[in-house]
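Engineer: predicted structure and sequence below. I'll ask about it afterward.
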Amino acid sequence: MMMQKVILTVPGDLSIKAGTIVKIKVPKSHRGGEDEISGGVDEGISGKYLVLVVKHNMDSRNLSTSKLTLVRDTRP
């Protein structure tokens, strides 16, 4: 089985747990001298994902982040 895997860091959210379904929107981009956002949503990457792993962090300034490992089946 093929699957897509995305790892991202978001502002801290203790309600997110492994097994949660989340929906992400990834902006379209293109590669020209530098990566630039061209507008719109990349439908190939955006959509619903299963949270496989979540790691909640708090830094010395009491700022929290959540690092998420997301997976989903690839589209046929």
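Structural biologist: Nice, thanks for sending it over. Numbers count the residues shown, from 1 in each chain.

Engineer: only C-alpha atoms from now on, for both contacts and neighbour counts.
Structural biologist: Fine.

Engineer: list the buried ones in stretch 11-22?
Structural biologist: Going by neighbour count (16 or more other Cα atoms under 10 Å), the buried part of stretch 11-22 is 12, 16-17.

Engineer: and that stretch, end to end?
Structural biologist: Stretch 11-22 has an end-to-end distance of 14 Å (criterion: Cα to Cα, to the nearest Å).

Engineer: going forward, the N-terminal residue is numbered 18.
Structural biologist: All set: I'll call the first residue 18, so the last point we hit is now stretch 28-39.

Engineer: hmm, who's touching it?
Structural biologist: 65-71, 73-74, 80-83 (Cα atoms under 8 Å, 6 or more residues apart in numbering).

Engineer: what helix or strand is S32 located in?
Structural biologist: Secondary structure from DSSP states H and E places S32 outside every helix and strand.

Engineer: separation between it and D76?
Structural biologist: Counting by Cα to Cα - S32 and D76 are separated by 19 Å.

Engineer: before we move on, what about S46?
Structural biologist: According to Cα to Cα, S46 stands 31 Å off from D76.

Engineer: ok so, going back, for the contacts of stretch 28-39, work out which two are farthest apart.
Structural biologist: Spanning the widest gap among these are K65 and L80, at 26.8 Å by Cα to Cα.

Engineer: which one of these two has more residues nearby?
Structural biologist: Remark: of K65 and L80, K65 carries more neighbours, 14 against 10, as counted by other Cα atoms under 10 Å.
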